[in-house]
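[1] sequence and computational prediction follow.
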Amino acid sequence: YQRMIKPINTPFDTDDSTDIPEFLTEAEIDFDPSDFSEEEAFYQPQAVAEHEAVERAKFLDKLRQLCQVIILSDTFTQFALPLMQQLDMPTIFCNELIVDENNMITGFKMRQDNGKYHAIKALQSIGYKTIASGDSFNDLGMIKQAEKGFLFRSPEHIQKDNPDVKAFTEYDELFAAIKA
């Protein structure tokens with residue numbers, strides 16, 4: 001996979017900042033974490049995180065070829081920035097931490113209560129068709145308001161409580177449902 005996935009806090013250095021680190025080559029992307037030897041166990045969490053970052057980036061790249069993408073999140077801009085950098089800075093609507101001149105967090109600014117739901121409603125009010133996917137209880141308003149809504153890698157209890165919402169665990173399955 002050619003697009004740069006920049007690891008966060010990785011012990012590995014690469015000479016070429018445009019490639020995926022050497023330890024995660026194209027042939028190694030589809031791996032089973034149990035394949036690691038005991039000596040490699042120390043690196044397994046990092047490799048799993050790298051694998052997930054590659055999968056997420058591939059999914060977003062495919063999705064961007066199909067439609068515009070906006071990420072709605074309950075996190076804070078400051079926390080989301082490293083991930084957004086890995087994903088080529090997609091549009092994200094999230095909350096903001098208030099930080100003083102000493103870089104100390106002094107508070108937070110929530111954009112709006114139930115912001116994901118209201119963002120979907122606002123996009124619909126100006127003529128956009130919406131597709132939403134999420135994994136938790138706070139995503140359900142958005143998912144149910146969208147023209148198409150899906151659970152993705154959500155806990156089993158959320159799936160059980162919402163049998164009317166299709167649930168997926170793999171990016172390819174979710175992409176196929178979005179395209180359908």
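    Arrived safely, thanks for sending.
[2] pLDDT at the residue positioned nearest the centre of the chain, what is it?
    With distances taken as Cα atoms, centre = their mean, the residue of the chain nearest its centroid is Arg56 (6.3 Å). pLDDT for Arg56: 83.
[3] wasn't it part of a strand?
    No - judged by DSSP: H, G, I helix; E, B strand; the rest coil, Arg56 forms no part of a strand; its state is helix.
[4] how about it: what's its closest non-neighbour residue?
    The spatially closest residue to Arg56, leaving aside those adjacent along the chain, is Leu87, at 6.7 Å (Cβ to Cβ, 6 or more residues apart in numbering). Any C-beta I mention is one placed from the backbone N, CA and C, and that applies to glycine too.
[5] for the one you found, what are its contacts?
    Contact analysis of Leu87 by Cβ atoms under 8 Å, 6 or more residues apart in numbering lists Arg56, Ala57, Leu60.
[6] format the residues you listed as JSON lines; extra columns: distance to Ala177.
    Below are these laid out as JSON lines (distance: Cβ to Cβ, whole Å):
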{"residue": "Arg56", "distance to Ala177": "17"}
{"residue": "Ala57", "distance to Ala177": "20"}
{"residue": "Leu60", "distance to Ala177": "16"}
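[7] for Ala167, state which of those is nearest.
    Arg56 (18.0 Å; Cβ to Cβ).
[8] against Ile70, how distant is that closest one?
    In this structure, Arg56 and Ile70 are 16 Å apart, going by Cβ to Cβ, to the nearest Å.
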